[in-house]
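Asks: Show me how the following folds:
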Amino acid sequence: MGEKGKVKRKKAFRLDKKKLAILVVAIFLIIYFSKTAIKIIELKVEQSRLKNESQELRIEKKHLKNELKKVNQAEYIEMKAREQLRLIKPGETLFFTEDEKKMDDSDRKMNEKTEEGASQDEAL
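Replies: This next block holds a predicted model:
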């Protein structure tokens, strides 16, 4: 009888090894496929973001093409000169609001900082 008990134990132990091996393989596969699924989700999110960015760039390209068509027109040149350079025609008076003055001051400070940085770079 003693030998039969040993045989049963060995068989039970072998079954446990098989179960353990299956469990290890199953855990490995779950981890592997989980990582793959997460990577797929991340790539889909990035793809969506890139599609949105691409659409925004197409819209910007369309606007820039339209602006490029206008560049050589006298009215457009005059409008940009008035807006960006604040040029006026003879006899006109230019008025500033408080917001515009603040913007001018901040623009001037930014330009001064940029010029200082450039002069420091040249000194090096």
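Asks: Can you give the domain ranges for this protein?
Replies: 2-93, 94-124 (automatic domain parsing).
Asks: Quick one: mean pLDDT for the first one?
Replies: Model confidence over domain 2-93 averages 86 on the pLDDT scale.
Asks: got the CA coordinates for stretch 25-36 in PDB?
Replies: The C-alpha atoms that make up stretch 25-36 are tabulated as PDB, following Å, rounded to 0.1, in the frame of the first residue of the first chain:
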ATOM      1  CA  VAL A  25       1.800  30.500 -20.200                       C
ATOM      2  CA  ALA A  26      -1.700  32.000 -19.800                       C
ATOM      3  CA  ILE A  27      -0.300  34.800 -17.600                       C
ATOM      4  CA  PHE A  28       2.400  35.500 -20.200                       C
ATOM      5  CA  LEU A  29      -0.200  35.600 -23.000                       C
ATOM      6  CA  ILE A  30      -2.500  38.000 -21.000                       C
ATOM      7  CA  ILE A  31       0.400  40.300 -20.300                       C
ATOM      8  CA  TYR A  32       1.600  40.200 -23.900                       C
ATOM      9  CA  PHE A  33      -1.800  40.900 -25.400                       C
ATOM     10  CA  SER A  34      -2.600  43.600 -22.800                       C
ATOM     11  CA  LYS A  35       0.600  45.500 -23.800                       C
ATOM     12  CA  THR A  36      -0.300  45.100 -27.500                       C
END
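Asks: Can you mark which positions in it are buried?
Replies: For stretch 25-36, a neighbour-count test (16 or more other CB atoms under 10 Å) marks nothing as buried. Placement of C-beta: from N, CA and C, glycine included.
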